[in-house]
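>>> Sequence first, predicted coordinates after that:
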Amino acid sequence: HMIKIPELASGNSNGRHLVFVGGAPRSGTTLVQRILNAHPQIYGGTEFGTNMIAELRNRFMTLVKRDKITEIADEETLNDGFRALILTIFNRKLVQTEKEYFTEKTPANVLEFETLMTLFPEAKFVLVLRDPRAVAASMKKGLADRKKNNRTYPSGFRDAASRAEMINH
């Protein structure tokens with residue numbers, strides 16, 4: 001039988017069934033998510049990019065603060081809408097997999113933890129820290145491996161300098 005978490009299904013979630021993992025690229029976020037996902041009640045998929053949804057929410061929030069869209073939406077309406085978007089996507093997977101918790105691992109989540117905490121005050125947040133020298137060495141090795149295998153990196157990861165800039169954010 002399929003389980004359905006009522007608060008996720010209704011969109012009125014405080015986030016207690018969500019775990020967001022973030023940190024610098026190559027810091028160990030994938031390892032942390034894999035460890036969490038070893039638990040039978042936890043689902044974690046590929047990087048979804050929740051940080052992009054949070055970033056978009058913040059752009060809309062700027063419009064509210066500048067009184068550009070307050071005729072249509074206020075802060076509460078925007079928060080409800082973006083919360084519902086995230087929950088709709090995550091809840092479907094929880095229902096399909098019959099899991100109770102959903103982990104979302106995108107390294108750049110760390111840049112939007114504050115927004116995600118606003119949307120989901122009872123969610124869990126895991127910040128993965130690794131010695132920056134080890135991160136840089138891992139990035140350098142990863143870049144060399146990709147060049148050797150004629151594979152390209154996503155934009156923003158073209159070379160060691162662009163990767164270091166991402167870590168600085």
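Happy to help now that I have it.
>>> C-alpha from now on. contacts and neighbour counts both.
OK.
>>> All the helices of the chain, in order from the start?
Assigned by DSSP state H, the chain shows helices spanning 6-10, 29-37, 50-65, 75-97, 113-119, 132-148, 160-168.
>>> Mean neighbour count, distance to residue 125 and mean pLDDT added to those helices, as a markdown table?
Shown next, in a markdown table, are the helices of the chain (neighbours: other C-alpha atoms under 10 Å; distance: least, C-alpha to C-alpha, whole Å; pLDDT from 0 to 100):
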| stretch | mean neighbour count | distance to residue 125 | mean pLDDT |
| --- | --- | --- | --- |
| helix 6-10 | 16 | 18 | 51 |
| helix 29-37 | 17 | 12 | 94 |
| helix 50-65 | 17 | 13 | 92 |
| helix 75-97 | 17 | 16 | 90 |
| helix 113-119 | 19 | 8 | 94 |
| helix 132-148 | 14 | 21 | 82 |
| helix 160-168 | 15 | 19 | 56 |
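>>> Out of those, flag the one nearest residue 105.
Residue 105 lies closest to helix 29-37 among the helices of the chain, at 6.6 Å (C-alpha to C-alpha).
>>> and the closest one, what other elements does it pack with?
With contacts taken as 3 or more C-alpha pairs under 8 Å, 6 or more residues apart in numbering; DSSP states H and E, helix 29-37 sits against strand 18-23, strand 42-44, strand 101-105.
>>> Could you rerun that using 10 Å?
With contacts defined as 3 or more C-alpha pairs under 10 Å, 6 or more residues apart in numbering; DSSP states H and E, the packing partners of helix 29-37 are strand 18-23, strand 42-44, strand 101-105, strand 124-128.
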